[in-house]
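[1] Give me coordinates for this.
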Amino acid sequence: MTLDDAAVAALSSWVRRRGIGSAVSDVEPLPGGTQNVVVRLRVDGRRVVLRRPPPHPRPNSNRTMQREIAVLQTLAGSSVPHPEFIAGCEDLDVLGVVFYLMEDVDGFNPLTEIAPAYAADPRMRHQVGLNYAADLARLSSTQWRGRPLQQLHRPGSFLARQVPNFLGLLESYRHDRYRPEILDAGRLAGWLDEHRPPDGEPGIMHGDAHLNNVLLRRDVPEVAAFVDWEMCTIGDPLLDLGWILVCWPDDPDPINAGRELAALGGLPTRPELIAAYTDAGGRSTRNLDWYIAMACFKLAIVIEGTYSRFLAGQAHREAGERLHDSAARLIGLGMRVAVGDNPFS
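    Reported below is the predicted structural model:
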């Protein structure tokens, strides 16, 4: 999706009122996520990116944009790779939704593209994986108290809320053609509740950390920016580490993240990722199996929603059935972790 003439005119008026610039031009859609709309444009020759909800916003779409705005404002000035925040708009009279502008990061997404330097040198591919894990550790220690993200912090046990919250999400998918029981998540949920570790110090979580949600620098093995912050929260950052281990493009590989990069080989192993995370100041990995199993549980339930929507006639068959197969596989992998047969070690 791009912006129609009326939206461009409204946006141009808004950037003038905000003192950002005088004219909007060269509007083009960017490929990427399916949950929100990302558009590249120019403001007085400066390349920027606009992010907004989809054409048919969900009930929480505007809150998601507000969350992302708070993330980028909180990360400003930190060492965590992120797009620079320019301005946000919560006035629904402008585009009808909350939106924001951020810098256009020079990088590539390894889901769909490989920069020539990475294709030519396996050392680049190996090092960028290690740097990716180290950047995730830095995110976990970034200051959030007294910053915009503090509004996401809830009192009480973050970990104790996870199983009931996500079982509730799974139940919300129920309709005449879909029964949540088909995912068979109950046994894993029980194990997670029974073996839950104590809560650590709250920190920033990306919430959906994998190679499809980064931009990599083209000529050096570094992360240019973490992107797609819609699941970011204040919680237990070790869930991010569990998440990247589950989603790492190695056997087992339940979601095929970063497939173009992975196809070339040379990426770090999961133990190497863990070492890079801890060496960069990440948290103790003593209870890591629990976080890996929880990542399997949460990711399975998140992607199962597409299968429910397919059965309701609101999503494509191919995506629905493929993601349901992945969700069922994730639950099975989580149970293997629970019984001591960790396939991600």
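[2] which secondary structure elements does the helix ranked longest in the chain contact?
    In the chain, taking DSSP state H as the definition, the longest helix is helix 288-311. Using 3 or more C-beta pairs under 8 Å, 6 or more residues apart in numbering; DSSP states H and E, the elements in contact with helix 288-311 are helix 158-172, helix 186-194, helix 238-247, helix 317-338. All C-beta atoms are positioned from the backbone trio N, CA, C, and that covers glycine.
[3] Could you dump those into a markdown table with mean neighbour count added?
    Formatted as a markdown table, the helices and strands packed on helix 288-311 follow (neighbours: other C-beta atoms under 10 Å):
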| stretch | mean neighbour count |
| --- | --- |
| helix 158-172 | 16 |
| helix 186-194 | 16 |
| helix 238-247 | 26 |
| helix 317-338 | 19 |
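[4] that older thread, let's test this: mean pLDDT of the longest helix of the chain, rounded?
    What helix 288-311 shows for mean pLDDT is 96.
[5] And stretch 117-127, by the same measure?
    In this model, stretch 117-127 has a mean pLDDT of 97.
[6] Quick check: buried residues in that stretch?
    For stretch 117-127, burial by neighbour count (16 or more other C-beta atoms under 10 Å) applies to Tyr118, Met124, Arg125, His126, Gln127.
[7] Please enumerate residues in contact with it?
    Here stretch 117-127 makes contact (C-beta atoms under 8 Å, 6 or more residues apart in numbering) with Val128, Leu216, Arg218, Asp219, Pro221, Leu261, Leu264, Gly265, Gly266, Leu267, Pro268.
[8] Ok, stretch 97-108 next?
    With C-beta under 8 Å, 6+ apart as the contact definition, stretch 97-108 has outside contacts at 15, 20, 40, 43, 47-53, 57, 61-62, 65-66, 68-69, 72, 83-90, 92, 114-115, 215-218, 224-225, 227.
[9] that older thread, which of the contacts of stretch 117-127 sits closest to Gly313?
    Nearest to Gly313 among the contacts of stretch 117-127, counting by C-beta to C-beta, is Leu261 at 35.3 Å.
[10] The closest one against Pro110, yeah?
    Yes: between Leu261 and Pro110 a contact is recorded at 3.8 Å, counting by C-beta atoms under 8 Å.
[11] And the helices in the stretch 51-200 of the chain?
    Using DSSP state H, counting those that start in this stretch, the helices of the stretch 51-200 of the chain run over 61-75, 92-95, 116-120, 122-140, 158-172, 186-194.
[12] Select, out of these, the one closest to Ala280.
    helix 122-140 (3.6 Å).
[13] how much does the closest one deviate in direction from helix 61-75?
    Computed with axes from the mean of the first three to the mean of the last three C-alpha atoms, to 10 degrees, the direction of helix 122-140 lies at 100 degrees from that of helix 61-75.
[14] May I have helix 122-140 as CSV, with CA atoms only?
    The C-alpha coordinates for helix 122-140 follow below in CSV (Å, rounded to 0.1, in the frame of the first residue of the first chain):
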residue,chain,number,x,y,z
PRO,A,122,31.4,-16.5,5.2
ARG,A,123,33.3,-14.6,7.9
MET,A,124,30.9,-11.7,7.4
ARG,A,125,27.9,-14.0,7.9
HIS,A,126,29.4,-15.5,11.0
GLN,A,127,30.3,-12.2,12.6
VAL,A,128,27.0,-10.5,11.9
GLY,A,129,25.2,-13.3,13.8
LEU,A,130,27.5,-12.8,16.8
ASN,A,131,27.0,-9.0,16.7
TYR,A,132,23.3,-9.5,16.4
ALA,A,133,23.2,-11.5,19.7
ALA,A,134,25.5,-8.9,21.4
ASP,A,135,23.1,-6.1,20.3
LEU,A,136,20.2,-8.0,21.8
ALA,A,137,22.1,-8.1,25.1
ARG,A,138,22.7,-4.3,24.9
LEU,A,139,19.0,-3.8,24.4
SER,A,140,18.3,-5.8,27.6
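[15] Now do the buried residues in the lowest-mean-pLDDT helix or strand in the chain.
    Among the helices and strands of the chain, helix 259-262 carries the lowest confidence by mean pLDDT, DSSP states H and E, at a mean of 87. For helix 259-262, the neighbour count (16+ other C-beta under 10 Å) marks Glu260, Leu261, Ala262 as buried.
[16] how about that helix as PDB, C-alpha atoms only?
    Listed in PDB are the C-alpha atoms of helix 259-262, where the atom choice follows Å, rounded to 0.1, in the frame of the first residue of the first chain:
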ATOM      1  CA  ARG A 259      16.400 -17.800   4.800                       C
ATOM      2  CA  GLU A 260      18.500 -16.000   2.100                       C
ATOM      3  CA  LEU A 261      21.300 -15.500   4.500                       C
ATOM      4  CA  ALA A 262      21.000 -18.900   6.000                       C
END
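[17] I appreciate the help and will end here.
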